[in-house]
Structure formats: structure tokens, C-alpha cells
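Enquirer: Mind folding the following:
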Amino acid sequence: MADERSEDRPDAGSSGRAQTLALQGVANSIVRTLLRIPLVSRGIGKRLITLYVVGRKSGKLYAVPVAYTRHEGTLLIGTPFGWGRNLRADVPLEVRYKGERRLADVVVHTDEDAVVEDYAVIARDNRNFASFNKIGFDRNGDPDPADLHLAWAAGARSFRLTLR
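Expert: Now for the predicted structure:
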């Protein structure tokens, strides 16, 4: 999906922010398979979850493995990619969490303050997420506020999932 520019995000869609890997589809397929295996999913499922996202226009089902962080009783995720626009607060989301398919309620954050705050939480917990999203750290170990803003300006959204 192509990213849409937004008037409240002047830099949305700009290059230099998170980008998919050359073999992202292959990597996602392998990760999805591993997350379906109960014993294996206990290990890699400590950081990864599969979201079953239905396209708003196409109706097509996408299985998207993403990193998550446990935070305040929810699973916190973030993405700058277009599939995130398909997650809606009024529609339960099916997920595979630690090998089990479950439903989750979704809270969607698109405003700058909420996204920056959530991205900071995820980046502190998961340095791979920070690296992928080009978020640096200061000498105290705090995420760079300018990088967090750039992530939001490039289209990042954050989501809080509450498992049922």
C-alpha cells in the first residue's frame, strides 16, 4: 500500500525513515510459520505477534508479524506502514499471541503526542524496533525526541491491543 500524505503531517511519506527489507515477504512468511508452532512461539513470541488485518477496501486478509511491548496491561505496537490504517478502534482484531489465535480490542493513536510517547516506550523496550524505525538514543538511554517526531511525521501510528 502506498502511504498517503496528510496535511497535519508535513513530512509524511518522506524517505529516510523505516523501510521494508529486500526480502521482507520471505522473512514474514518464516516468522508467521514459527509463531504457529506452540513450543517455538513461546520463545520468539515474547517479542512478536501476528496480526490478521482485513483490508478496508480490498477485504483481503493479511497476516502481519510485528514486534510488541507489554505496557500498562496492553500489547503496544507501532508502524509507519499503510497496513496500520486498516486497524480500527470499533473492530476487534484477530491476533496470534504465543501460539494461540485470540481477539483483541484496539485503541488507535495517530496524534503526535500519543505516537511519540508510545514509540518511546517501545524503543526503550526493544532496540531492534528502535533501529528499524531509525530512532537513536542519548547517553542516558532515552530515545531521541527528534527521531520520535520524525517517525510520527513519516506516518507512524501506535496501537494498544487488549486481549480478550
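Enquirer: so what's residue 110 closest to, chain neighbours aside?
Expert: residue 157 (5.3 Å; CB to CB, 6 or more residues apart in numbering). Heads up, the C-betas are built off the backbone N, CA and C, glycines and all.
Enquirer: Quick check: beta-bridge partners of the one you found?
Expert: residue 79 (DSSP bridges).
Enquirer: Would you agree it is in contact with residue 115?
Expert: Yes: with contact defined as CB atoms under 8 Å, residue 157 counts as touching residue 115 (6.4 Å).
Enquirer: okay, and the common contacts of the two?
Expert: Residues touching both residue 157 and residue 115 by CB atoms under 8 Å, 6 or more residues apart in numbering: 78, 109.
Enquirer: For the closest residue in space to residue 47 that isn't next to it in sequence, give me its contacts.
Expert: Spatial nearest neighbour of residue 47, chain neighbours left out: residue 67 (5.5 Å); criterion: CB to CB, 6+ apart. By CB under 8 Å, 6+ apart, residue 67 lies in contact with 47, 48, 77, 122, 126, 128, 129.
Enquirer: Out of those residues, who's the most crowded?
Expert: With neighbours defined as other CB atoms under 10 Å, the most crowded of those is residue 77; it has 24 neighbours.
Enquirer: tell me which element that residue falls in.
Expert: For residue 77, the element it lies in under DSSP states H and E is strand 74-79.
Enquirer: Go ahead and confirm residue 50 touches residue 94.
Expert: No: contact between residue 50 and residue 94 fails when scored by CB under 8 Å: they sit 9.1 Å apart.
Enquirer: Of these two, which one has the most company?
Expert: Taking other CB under 10 Å, residue 50 and residue 94 do not tie; residue 50 has more neighbours (22 against 15).
Enquirer: does the residue of the chain positioned farthest from its centre sit in a helix, a strand or a coil?
Expert: Distance from the C-alpha centroid of the chain peaks at residue 139, with 25.7 Å (CA atoms, centre = their mean). Reducing the assignment at residue 139 to three states with DSSP: H, G, I helix; E, B strand; the rest coil gives coil.
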